[in-house]
Structure formats: C-alpha cells, structure tokens
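>>> Here is a sequence together with a model predicted from it:
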Amino acid sequence: MVSVTALWLPILVAAVLVFIVSSIIHTVLQYHNTDYGGVPNEDSLRKAMRELNIPPGDYMVPHCAGGKERNSDEFKQKVDEGPVVMMTVYGDDPLNMTSSLIHWFLYCILISVFAAYVAGIALGPGADYMAVFRIAGTVAFAAYGLALLQNSIWYKKNWTATLKSVFDSFIYGLVTAGALGWLWPG
C-alpha cells in the first residue's frame, strides 16, 4: 500500500498535465467548437431575454413543481405547444475564464487524488508501471467521463458533444495514468 501523501508529486504532475492537454484540446484542436449551435433570429431572442431580466441560474421551460403538475392537461399542452428548453443563464462577466480555469485545475487535482488513492490501496511501492497505469487510468477515466453520459440521457444534450467529452476523458485518464505510473514511488 502507498499512502496518498507519498503520491503528492505524481498527483500534482498528473493534474498539471491534464490541465495542459485540456487547454490544447480546447484552444488548438478546437473540435468542441461545434458542440453548441446557434438559434434562428438570435437577436430577437436575446432582446426578449434581456427584457425578462432572468437572474443567473438553471431553468426549464415549461416548468412544473412536481409529478401532480407534470401530469396535468395544462402542463402537457405547454409541452406540446413548445418549445421545451433547458438553459443556464450566466451571471456577471460570463466570458471571464479565470474562475472556471481555477476550478478545473482543482478538479484535476481531486481526480488525480482519487486515482492515486485507489492505485495506492491496490499496489505497493515499486509496483510495475503498467499495473499503476491500468488502475489509475481506469479510475481517472471513470471520474472524468462516465458521468457525462447522464447529460445526454436525461437532459438531451447532443450525443456527439457528449461523446467528444468522453473521448477527452479517455485522454485525461491516459495522461493521469502515465504521470502516476512514471512517478510511482520505488
């Protein structure tokens, strides 16, 4: 067994490498640029939403409070008339990436900690690189990617966009596995 505290360097290196790889994916490769489409007559929609002054948050339209209302004829009619929309309204300064990047890096550290923890329980000091790679990579991939499928299952997010993000998660898992295997204590 290897304690997580003995793995602080591989955890940090894994998080930094995933952060760098994700930056390359999003700024150089840019295959996520097609994840969201535009709407027809965007200016009219933007004007109508500005007039509504919707506070930041997550919304569903039409909205119902629970099962009883969801089964009402009135709600079913609203759904049939459409549109049905799930949206997130951003707060002030939505294009400021600093907070998101900080949170993303902390998330990368968290996943690296869990991957290292599981590998540390299963393996001892001096473990074979591929043994560390398999365990850490599996945990990291599962943590980065498998929960993303729920977004397409429940929230109707475009499957192509979701699968691209799951592919990214596979890459992040490989990077995490490589860093932990490379720096595993002897």
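Received the coordinates, thanks. Residues are numbered from 1 along each chain as shown.

>>> So which helix or strand of the chain has the lowest pLDDT on average?
Of all helical and strand segments in the chain, the minimum by mean pLDDT, DSSP states H and E falls on helix 67-70, at a mean of 89.

>>> Starting from that helix, tell me the next helix or strand along the chain.
Per DSSP states H and E, the first helix or strand lying C-terminal to helix 67-70 is helix 73-81.

>>> How about residues contacting that next one?
The contact list for helix 73-81 (C-beta atoms under 8 Å, 6 or more residues apart in numbering) reads 62, 64, 69. Yep, even glycine has a C-beta here, placed from its N, CA and C like the rest.

>>> how does it look with 10 Å?
By C-beta atoms under 10 Å, 6 or more residues apart in numbering, the residues outside helix 73-81 that reach it are 61-65, 68-70, 72, 84.

>>> Surely residue 88 is in a strand?
Yes. Checked against DSSP: H, G, I helix; E, B strand; the rest coil, residue 88 lies within a strand.

>>> what about the closest residue in space to it that isn't next to it in sequence, which SS state?
Excluding the flanking residues, the one nearest residue 88 by C-beta to C-beta, 6 or more residues apart in numbering is residue 58, at 5.2 Å. Following three-state DSSP, residue 58 is assigned to strand.
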